[in-house]
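Undergrad: Next come a sequence and a model predicted from it.
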Amino acid sequence: MDGRLQVFSGNGNRALAEEVAQQLNVPMGRALVGSFMNGETRVRLEENVRGGDIFVIQSICHPYDHHLMELCFLIDALKRSSAGRVTTVIPYFAYARQEKKMSGREPISAKVIAKFIEAAGADRVLTIDLHASAIEGFFDVPVDHLRAGPLLSEHFRRMRLEDVVVVSPDPGGVPRATDFRNRLGVSTLAIIAKQRPEVDVVESLEMVGDVAGKTAIIVDDMISTGGTLVKAANLVMERGALEVYACAVHGLFAGDAFEQIGASRLKQVIVTNSYPVSPKGHQVGVEVLTVAPIIAEAIMRIHKDLSISVMFS
């Protein structure tokens, strides 16, 4: 792209967008993103974007549908204003756990969201740790899938914990936990199997692997209500672990998640700022790492037509 690099943001995660812009040493694009008196979303660009290489940073977080509309309206406004290319940067992609039908007469919601974003005019998508990689295939435009695992593993590497066992909270997360284990340089892995009779409800847990006398780190892609995480931590401690940590890329902390974590046996929980985390989290041992440098580097590489995959080799 010959156009100048410009960064815009909705209200989904404004603080992260501003941090990315600062990393890139570019000003935030000026745009009015708000609501009319009747509650409808209002978007108006307040600077020239003609021919620009535009990056719109918007986590689709609570209220999810409202922030999705902000993103789509921003994309449409940019395309109608003759932007050269529009890349949507979605640190947290909502509805990612609805990437398939769990029963009859259900939508594949993640695909619907992908088509919304495409229909609005996005030329490419940049996102972080999709819950299911298959979502990339829902788009017909290029998708760059960033990973925050190296950031999390490097944080624990600096902590210099001894006799560590990495724990996957479900069989589907084994590849993620294995990559984390390899980056951390430890050899032991434990796997928890759970039965989930309905959404956000866990009936029972079983574990394969030895955690006795070890420091356990539970590795997941997201923390929603915290119920599964707390049960997993209790199981690990019951099996003889000395202490238990947890880390995840996306910290949603819905409902009474902070209360559950605060009352649990978890020593510390590490997440990133891909999803805005309430200051209450710090009071219960939640630490937030920033993904701004990862996003900024990826944006610069896209702008200069350089490889993204080398960032995670």
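TA: Received the coordinates, thanks.
Undergrad: wait, what's in contact with the nearest residue to A190 once chain neighbours are set aside?
TA: With CB to CB, 6 or more residues apart in numbering as the criterion, A190 has its nearest non-adjacent residue at 2.9 Å, and that residue is G209. (Each C-beta comes from the backbone N, C-alpha and C, glycine too.) Residues in contact with G209 (CB atoms under 8 Å, 6 or more residues apart in numbering) are V165, V167, T188, L189, A190, I191.
Undergrad: where's G209 relative to I192, distance?
TA: 9 Å (CB to CB, to the nearest Å).
Undergrad: what sits in contact with each of the two?
TA: V167.
Undergrad: Are we agreed that L306 is in a helix?
TA: No - assessed with DSSP: H, G, I helix; E, B strand; the rest coil, L306 is coil; it does not lie in a helix.
Undergrad: ok, it - how many residues close by?
TA: 12 (other CB atoms under 10 Å).
Undergrad: Residues touching stretch 99-107, excluding its own?
TA: Stretch 99-107 has contacts (CB under 8 Å, 6+ apart) with Q98, I108, A110, K111, H131, A132, A134, I135, F138.
Undergrad: Show me what counts as buried in that stretch.
TA: Buried residues in stretch 99-107, counted by 16 or more other CB atoms under 10 Å: E99.
Undergrad: Pretty sure M311 sits in a strand.
TA: No - assigned with three-state DSSP, M311 falls outside any strand and is helix.
Undergrad: how far is the host helix or strand of D221 from where the chain is centred?
TA: According to DSSP states H and E, D221 maps onto strand 215-223. Averaging C-alpha positions (CA atoms, centre = their mean, to the nearest Å) puts strand 215-223 14 Å from its chain's average.
Undergrad: List the contacts of that strand.
TA: Residues contacting strand 215-223 (CB under 8 Å, 6+ apart): 129, 131, 152, 156, 161-169, 173, 176-177, 180, 184, 190, 229, 232-233, 236, 241-253, 257, 269, 271.
Undergrad: Looking at those residues, which are in helices?
TA: L152, F156, R176, A177, F180, L184, L229, A232, A233, V236, A257 (DSSP state H).
Undergrad: quick check, nearest of the residues you listed to C61?
TA: A257 (14.2 Å; CB to CB).
Undergrad: Name the nearest residue to the closest one, ignoring sequence neighbours.
TA: Closest to A257 by CB to CB, 6+ apart is G226, at 3.6 Å.
Undergrad: What count of nearby residues applies to that neighbour?
TA: Count around G226 with other CB under 10 Å applied: 26.
Undergrad: Let me know whether it touches Q260 as I believe.
TA: Yes - counting by CB atoms under 8 Å, G226 touches Q260, with 4.6 Å between them.
Undergrad: just to revisit the earlier point, out of the ones in helices among the contacts of strand 215-223, which are buried?
TA: L152, F156, R176, A177, F180, L184, L229, A232, A233, V236, A257.
Undergrad: any idea which of these is the one closest to V291?
TA: L152 (10.2 Å).
Undergrad: which helices and strands sit right next to the helix or strand that E118 is a member of?
TA: Using DSSP H and E, E118 maps to helix 109-120. When contacts are defined as 3 or more CB pairs under 8 Å, 6 or more residues apart in numbering; DSSP states H and E, helix 109-120 packs onto helix 64-80.
Undergrad: Describe which strands whatever helix or strand comes next after the helix it packs on pairs with in its sheet and in which direction.
TA: Sequence-wise, the next helix or strand downstream of helix 64-80 (DSSP H and E) is strand 85-90. When pairing is defined by DSSP bridges, strand 85-90 lines up against strand 53-57 (parallel), strand 124-128 (parallel).
Undergrad: mean confidence for the next helix or strand after the last one?
TA: Next in sequence after strand 124-128, counting helices and strands by DSSP H and E, comes strand 143-146. The average of the pLDDT scores along strand 143-146 is 96.
Undergrad: what does strand 143-146 rub up against?
TA: So strand 143-146 is contacted by 124-130, 133, 136, 291, 294-295, 298, 302, 308, 311-312 (CB under 8 Å, 6+ apart).
Undergrad: Can you say which of the residues you listed are buried?
TA: R124, V125, L126, T127, I128, D129, L130, V291, I294, I295, A298, I302.
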